[in-house]
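Colleague: Next input, structure requested:
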Amino acid sequence: MLRTFFLMATAAIGASVAVAPALAQQNEQYVPALVYRTGPYAPNGIPFANGVMDYWNLINERDGGINGVKLAPEECETGYATDKGVECYERMKSKGATGAAYFSPLSTGITFALTEKVPADKIPLLTMGYGRSESRNGAVFPWNFIAAGSYWTAADVAIQHIAKELGGADKLKGKKISLVYHDSPYGKEPIPALEARAKQDGFTFKAIPVTHPGVEQKSQWLSIRQDRPDYVLLWGWGVMNPTSISEAAAVGFPRDKIIGVWWAGAEPDVVPGGAQSAGYKALMLQHGAGKYQVHADIEKHLISKGKAQVKAEEAGHVLYNRGLLNSMIGVEAIRTAQKKFGNKPLTGEQIRWGFENLDLTAARIKELGFEGMIKPMKFSCEDHQGADEARVHQWDGKEWKIISDYYTADRKILDPMVKDASAKYGAEKKIDARDCSKES
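Modeller: This is a model prediction of the structure:
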């Protein structure tokens, strides 16, 4: 089944809806999308990309744009490859009347590369739930917005949930927790936070890398069978995730003792495994699967008119919802920037101000049709993350079930890590940190 799934993934572009390049006019805001509808990460990349494009198109179809400014979207295929992502960025950054509004790389590797470029080009990066964890510090990373949660947030919440299942944080002492991770910047991001928690809580931590794309994992899971950890954390993507679940089943490791990060907690991660996926758990980037008011608007304005990227039966899936949220945050940053700079196409620099002054209140979230999907989020000069909460859901063999309340990441652990890592980055790159008391 997994081999068939992999072959289907590599050919997925043939079944996806092609997106014609945008020709941004004078009163249009150019919005680029870095996507991967092909290759081993396509099963996860496609639903996210569909959500991104459908929300932008909903803004045009339902609202006539953002305060009369139409959005001009365009996709560029990266295949999750960093070099292709950089090529797409260079090709797209200056398009449109005012250049690219912002970029969402959907890859920590691409994010690392573009973090070096965006300060000179003055274009913000929206990296919702991924990217450099220390980029929360807007004083050092003024162009990165790691909205809703970092991988350090995720690592801390995962350990909190394990502690709850064990009966308290004191029960972590002496336990074994392993991390099966994609051997890339993405997979390595949680390691410092997990090491910090292991030191604090007294559990043994072991990191186990998996080579791209992740279809060969037998040796890693045989090692797990030998080590007999109490829990396994999974930091995979694309075909790696269902492969991990399959290999766990093969060695008899309980799926209900595996907790995936939020990029390993969607339908493509569990459906290929069939019954053997039942019991598997994953973090939620606040939201999960399900339909809300925004989905009714998409049905009315896009799906019913044949203008949607998503298939009707897949609207409401986890990664589609995340794509909607990603574009909603970007649109609201543009809308916020318009309040200062006017209802017209804006530059990346102006939109960066919009991100940094974005305040998504509960009332505004409800007004946008996202009530129940995400909690209030507010950025500032100092804080480019805006939220620290996550939940856990579990696959019951047919659907995701939310099994926890919200956890809040422990800032006493993470804030010093952010401060130290961002200071080190700033010193290496000779960046003078902004004085946020002077920003407005």
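Colleague: count of residues packed around residue 90?
Modeller: 12 (other Cβ atoms under 10 Å). Placement of C-beta: from N, CA and C, glycine included.
Colleague: Please name every helix or strand in contact with the one helix or strand it maps to.
Modeller: If you go by DSSP states H and E, residue 90 is part of helix 82-92. Judged by 3 or more Cβ pairs under 8 Å, 6 or more residues apart in numbering; DSSP states H and E, helix 82-92 is in contact with strand 28-35, strand 70-77, helix 108-115.
Colleague: Just the buried positions in that helix, please.
Modeller: 82, 84, 85, 86, 88, 89, 92 (16 or more other Cβ atoms under 10 Å).
Colleague: So the first one is in contact with residue 113, correct?
Modeller: What that stands for is residue 82. Yes. Here residue 82 reaches residue 113: they are 5.4 Å apart, a contact under Cβ atoms under 8 Å.
Colleague: Residue most distant from the centroid, the protein?
Modeller: residue 226 (32.7 Å; Cα atoms, centre = their mean).
Colleague: Which helix or strand contains it?
Modeller: helix 218-227.
Colleague: Tell me the spacing between the residue most central in space within the chain and residue 211.
Modeller: Residue closest to the average C-alpha location in the chain (Cα atoms, centre = their mean): residue 129, at 3.8 Å. Counting by Cβ to Cβ, to the nearest Å, the gap between residue 129 and residue 211 amounts to 24 Å.
Colleague: Over to residue 139?
Modeller: From residue 139 to residue 211 the distance is 36 Å (Cβ to Cβ).
Colleague: So those two - more neighbours on which side?
Modeller: Taking neighbours as other Cβ under 10 Å, residue 139 and residue 211 compare with residue 139 leading, 20 against 13.
Colleague: ok, the more buried one touching residue 381?
Modeller: Yes. In terms of Cβ under 8 Å, residue 139 counts as a neighbour of residue 381; the distance is 6.6 Å.
Colleague: any common contacting residues for those two?
Modeller: 434, 436 (Cβ atoms under 8 Å, 6 or more residues apart in numbering).
Colleague: Strands of the protein, residue ranges please.
Modeller: Along the chain, the segments classed as strands by DSSP state E run 28-35, 70-77, 125-126, 144-145, 176-182, 204-210, 231-235, 258-260, 281-284, 359-360, 377-378, 389-395, 400-402, 407-408.
Colleague: now those as TSV including mean neighbour count?
Modeller: Shown next, in TSV, are these (neighbours: other Cβ atoms under 10 Å):
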stretch	mean neighbour count
strand 28-35	24
strand 70-77	22
strand 125-126	26
strand 144-145	28
strand 176-182	24
strand 204-210	18
strand 231-235	27
strand 258-260	25
strand 281-284	25
strand 359-360	18
strand 377-378	16
strand 389-395	23
strand 400-402	16
strand 407-408	17
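Colleague: Counting by contacts, list what the helix holding residue 226 packs against.
Modeller: Looks like helix 218-227 contacts strand 176-182, strand 204-210, helix 240-251 (3+ Cβ pairs under 8 Å, 6+ apart).
Colleague: ok, for residue 191, nearest residue in space, not its chain neighbours?
Modeller: residue 207 (5.6 Å; Cβ to Cβ, 6 or more residues apart in numbering).
Colleague: And the one you found, how close does it get to residue 194?
Modeller: Relative to residue 194, and taking Cβ to Cβ, residue 207 is found at 8 Å.
Colleague: which residues do the two both contact?
Modeller: By Cβ under 8 Å, 6+ apart, the residues touching both residue 207 and residue 194 are residue 179.
Colleague: got the contact list for residue 271?
Modeller: If you count contacts by Cβ under 8 Å, 6+ apart, residue 271 has them with 242, 277.
Colleague: Offset the numbering so it begins at 438, please.
Modeller: Taking 438 as the first residue, the last one we looked at is residue 708.
Colleague: Pull up the distance across stretch 529-547, start to finish.
Modeller: One end of stretch 529-547 sits 15 Å from the other (Cα to Cα, to the nearest Å).
Colleague: That one - what's its average pLDDT?
Modeller: Averaged across stretch 529-547, the pLDDT comes to 97.
Colleague: Could I get the buried residue list for it?
Modeller: Buried residues in stretch 529-547, counted by 16+ other Cβ under 10 Å: 529-530, 532-547.
Colleague: now that stretch, how far from the chain's geometric center?
Modeller: 16 Å (Cα atoms, centre = their mean, to the nearest Å).
Colleague: before we move on, back to that, mind giving me CSV with the helices and strands packed on helix 519-529 and columns for distance to residue 677?
Modeller: Shown next, in CSV, are those (distance: least, Cβ to Cβ, whole Å):
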stretch, distance to residue 677
strand 465-472, 19
strand 507-514, 20
helix 545-552, 14
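Colleague: Which one, of those, ends up nearest to residue 700?
Modeller: Within the helices and strands packed on helix 519-529, the stretch nearest residue 700 is helix 545-552; the backing value is 9.7 Å (Cβ to Cβ).
Colleague: ok, residue 718 to residue 762 distance?
Modeller: With Cβ to Cβ as the criterion, residue 718 and residue 762 are 21 Å apart.
Colleague: Oops, could you answer that again for residue 600 instead?
Modeller: 28 Å.
Colleague: more neighbours, those two?
Modeller: When neighbours are counted by other Cβ under 10 Å, residue 600 and residue 762 differ, and residue 762 comes out ahead with 25 against 19.
Colleague: Just read off the phi/psi values of the nearest residue to the more buried one once chain neighbours are set aside.
Modeller: Nearest residue to residue 762, sequence neighbours excluded (Cβ to Cβ, 6+ apart): residue 811, at 6.0 Å. Backbone torsions for residue 811, taken as degrees, to the nearest 10, come to phi -150, psi 150.
Colleague: Then the one 5 residues further on?
Modeller: The phi/psi pair for residue 816 (degrees, to the nearest 10) reads phi -100, psi 160.
Colleague: so who does it touch?
Modeller: Applying Cβ under 8 Å, 6+ apart to residue 816 gives the contacts 575, 582, 584, 792, 793, 794, 795, 796, 822, 823.
Colleague: so where's the stretch 738-877 of the chain shaky on pLDDT?
Modeller: 877 (pLDDT under 70).
Colleague: can you check the stretch 438-587 of the chain too?
Modeller: Applying pLDDT under 70 to the stretch 438-587 of the chain flags the ranges 438-462.
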